[in-house]
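Asker: quick one, what's the 3D model for this:
(one chain, ligands or ions: 3)
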Amino acid sequence: MKIQFVAPQVQKNLIVFFDEKKRLLLPKDWPQELSRQWQAFLGLPEVKAESSSVHNLFHPLVERVFLVGLGKKRDFRELGGMLGKKLVQPDFSNLHLLLPEAPSHPIYNEIEPFLEGLFLGRYRYQGFKTKDNLPDPLSNLTFLAPKTKALAEAASLAWTKALATNQARDLGNLPGNKMRPKDLMAACKAAAKQGGLTFSALNETQMEKEGMGCLLGVAQGSEEPAFLNILEYKAGPKAPTLLLVGKGLTFDSGGISLKPGLGMQEMKHDMCGGAAVLGAMQIIAQLRPKVNVVALIPTTENMPDGKATKPGDVLTACNGTTVEVLNTDAEGRLILADALAYGIKRFKPSAVVDVATLTGACVVALGHYHSGLMCNDEKLYQQVEQAAKRTGDPVWRMPHAEVYDKEIEGTLSDLKNIGSKDGGMITAGMFLKRFVGEVPWAHLDIAGTAWSVERIPYYPTQGATGTVTRLLADLAMNWKK
Ligand code: BES
Ligand code: MN
Ligand code: ZN
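Answerer: Ligands and ions are numbered 1, 2, ... in the order given. Model (predicted):
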């Protein structure tokens, strides 16, 4: 995408702002004829200005103009998202953003979230239709304003973050037969190469040597080989390390504890945690924080098969913990357990954050707006919370409650992989906690937010949302151990 600046002039596909008092924010010598007409439109009683809104007008001179109302609340990312969702015609690949004269106007400080929202809101998944009528990708963004470094940087930052998030969405949206564990591995490898990150992956033989019986126990019902993807961003030998772990289940049928057929296709999204971690690494590679960041993305399918793990089977994780599998559909915690224990032993991180579409219980508890958060460390918790606020990836903390520990105590092994039927998000989190030892750890359950979110204008209402991609990158940029 090309970012350019030209002097204010009449252009097609024009974006113009107005405030909560219906005042248009225009440069000084803007043609009176046009401003009079737009002002007349805003004068209509059906145009409400207190809340954010986007009005799409046609005008023979400018073809299309979007009058964007800031409203009183002024969440610029949401506003950008609302606008982005309206930019559906194929010819909206060139946008012109008209800014008010005074560079002191508060809008100048909000261009980055506004554009991020616009780039995110405009996202459409390409899919596999042989005839499509999707909007062309955005090729030019023109500021009709004097060129400043701040504006150019805001636009390029917004683009970097939105592009990585949109790529994470693409991965999440691919069907299970196009996004197999080996495809996710290839995507990790390609992204690492592009961003200058170190890439490696453990194959099944290497995982066996490491004793990753939980991850392999999930993988053994699949024809597809499993991998543990490792991406490393290195700031320096003395810098502390942040470890990110993302669930990369490319399809979750439930295994022998098979899921019901209705809606099972949604489980192609079960690698969205891994995609978010990968997207965050792409942003990190560009923005270069002062801390080391390691990403682990365990990837496999969960399938029923003659060789598949059966309910009652006992698996041994790479740290020696034994786990009774009482439900093969609680597979996410199994693959994360090995990844967490391995990552902590090998990379000695000062903090670890895992992300997973882990439990239906999280969706029941929190719905589709907040991701569930659990954390064993107050300082890390504050930082995740701040990153969530800054990026607009909403999270809500659930209790880190040791009283649930006995629910996952095994009968013939150390642990079992499910608790009782209630409080399922918490017991899943408490299970993961057994594999992080004393390391500050945060767990993000994105089961309700990873796809089809209605109430966030910069998230798509259908398909993968790329949630927490930007949150994780922001956390890495600002993280203090
Ligand atoms: N991937 C699912 C969780 C999920 C469910 C994500 C719905 C998004 C929407 C996970 O592997 C799973 O199947 N969890 C089980 C755990 C249960 C068997 C303890 C669940 O939540 O039903
Ligand atoms: Mn499952
Ligand atoms: Zn799953």
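
Asker: check which helix or strand covers T205.
Answerer: In this structure, T205 sits in helix 204-210 according to DSSP states H and E.

Asker: heading C-terminal from that helix, find the next helix or strand.
Answerer: Going down the chain from helix 204-210, the next helix or strand is helix 213-219, by DSSP H and E.

Asker: following that following helix, which helix or strand comes up?
Answerer: Of the helices and strands lying after helix 213-219 in sequence (DSSP H and E), the nearest is strand 227-233.

Asker: rewinding a little: what's the offset of the helix holding T205 from the middle of its chain?
Answerer: Here helix 204-210 is found 30 Å from its chain centre; the criterion is C-alpha atoms, centre = their mean, to the nearest Å.

Asker: which helices and strands sit right next to it?
Answerer: helix 213-219, helix 332-347 (3 or more C-beta pairs under 8 Å, 6 or more residues apart in numbering; DSSP states H and E). Placement of C-beta: from N, CA and C, glycine included.

Asker: need these in a markdown table with mean pLDDT and distance to ligand 1, can you?
Answerer: Listed next are the helices and strands packed on helix 204-210 as a markdown table, based on pLDDT from 0 to 100; distance: least, C-beta to the nearest ligand atom, whole Å:
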| stretch | mean pLDDT | distance to ligand 1 |
| --- | --- | --- |
| helix 213-219 | 99 | 10 |
| helix 332-347 | 99 | 4 |
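
Asker: ok, and what's touching the helix holding T205?
Answerer: Applying C-beta atoms under 8 Å, 6 or more residues apart in numbering, the contact partners of helix 204-210 are L202, L215, L216, A219, P225, A226, L228, C318, D338, Y342.

Asker: try stretch 159-170
Answerer: So stretch 159-170 is contacted by 1, 3, 115-116, 119-120, 123, 125-126, 191, 272, 275-276, 278-280, 282-283, 286-287, 460, 463-466, 469-470, 473 (C-beta under 8 Å, 6+ apart).

Asker: looking at the stretch 51-200 of the chain, which residue is nearest ligand 3?
Answerer: Closest approach between the stretch 51-200 of the chain and ligand 3, counting by C-beta to the ion: G176, at 12.3 Å.

Asker: give me the number of residues near the residue in the stretch 1-150 of the chain that ligand 1 sits nearest to?
Answerer: Among the residues of the stretch 1-150 of the chain, Y125 lies closest to ligand 1, at 18.3 Å counting by C-beta to the nearest ligand atom. By other C-beta atoms under 10 Å, the residues close to Y125 number 16.

Asker: equivalent analysis for Q462, please.
Answerer: Using other C-beta under 10 Å, Q462 has 12 other residues around it.

Asker: separation between it and D136?
Answerer: According to C-beta to C-beta, to the nearest Å, Q462 and D136 sit 20 Å apart.

Asker: could the helices and strands packed on helix 204-210 be laid out in a markdown table, adding distance to ligand 3 and mean neighbour count?
Answerer: Compiled in a markdown table, the helices and strands packed on helix 204-210 are given as follows (distance: least, C-beta to the ion, whole Å; neighbours: other C-beta atoms under 10 Å):
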| stretch | distance to ligand 3 | mean neighbour count |
| --- | --- | --- |
| helix 213-219 | 9 | 27 |
| helix 332-347 | 4 | 25 |
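
Asker: now distance to K72 too, for those helices, in a markdown table please.
Answerer: Listed next are the helices and strands packed on helix 204-210 as a markdown table, based on distance: least, C-beta to C-beta, whole Å:
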| stretch | distance to K72 |
| --- | --- |
| helix 213-219 | 50 |
| helix 332-347 | 42 |
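
Asker: show me what Y233 is bridged to.
Answerer: Applying DSSP bridges to Y233 yields these beta-bridge partners: V293.

Asker: quick one: neighbours of it, just the number.
Answerer: A count of nearby residues for Y233, using other C-beta under 10 Å, gives 24.

Asker: that one contacts Q282, doesn't it?
Answerer: No: between Y233 and Q282 there is no contact under C-beta atoms under 8 Å: 10.1 Å.

Asker: may I ask which helix or strand of this structure has the lowest mean pLDDT?
Answerer: Lowest by mean pLDDT, DSSP states H and E among the helices and strands of the chain is strand 53-59, with a mean of 91.

Asker: what comes up buried for that one?
Answerer: Within strand 53-59, the residues that count as buried by 16 or more other C-beta atoms under 10 Å are S53, V54, H55.

Asker: with stretch 124-134 instead?
Answerer: By neighbour count on 16+ other C-beta under 10 Å, the buried set for stretch 124-134 is R124, Y125.

Asker: so how far is L326 from the closest residue to W30 other than its chain neighbours?
Answerer: Among residues not flanking W30 along the chain, P8 sits closest, at 6.4 Å (C-beta to C-beta, 6 or more residues apart in numbering). Distance of P8 to L326, given as C-beta to C-beta: 66 Å.

Asker: check Q462 too.
Answerer: Computed with C-beta to C-beta, the distance linking Q462 and L326 is 34 Å.

Asker: please apply the same query to S200.
Answerer: Distance of S200 to L326, given as C-beta to C-beta: 33 Å.

Asker: could you please name the strands the helix or strand containing V65 pairs with and the direction of each pair?
Answerer: Using DSSP H and E, V65 maps to strand 63-69. Paired strands of strand 63-69, with direction, are strand 14-18 (parallel), strand 53-59 (antiparallel) (DSSP bridges).

Asker: what comes up buried for the helix holding T205?
Answerer: Using 16+ other C-beta under 10 Å as the test for burial, helix 204-210 gives E204, M207, E210.

Asker: what sits closest to G211 if chain neighbours are left out?
Answerer: Distances taken as C-beta to C-beta, 6+ apart place C318 nearest to G211, at 4.5 Å, with adjacent residues excluded.
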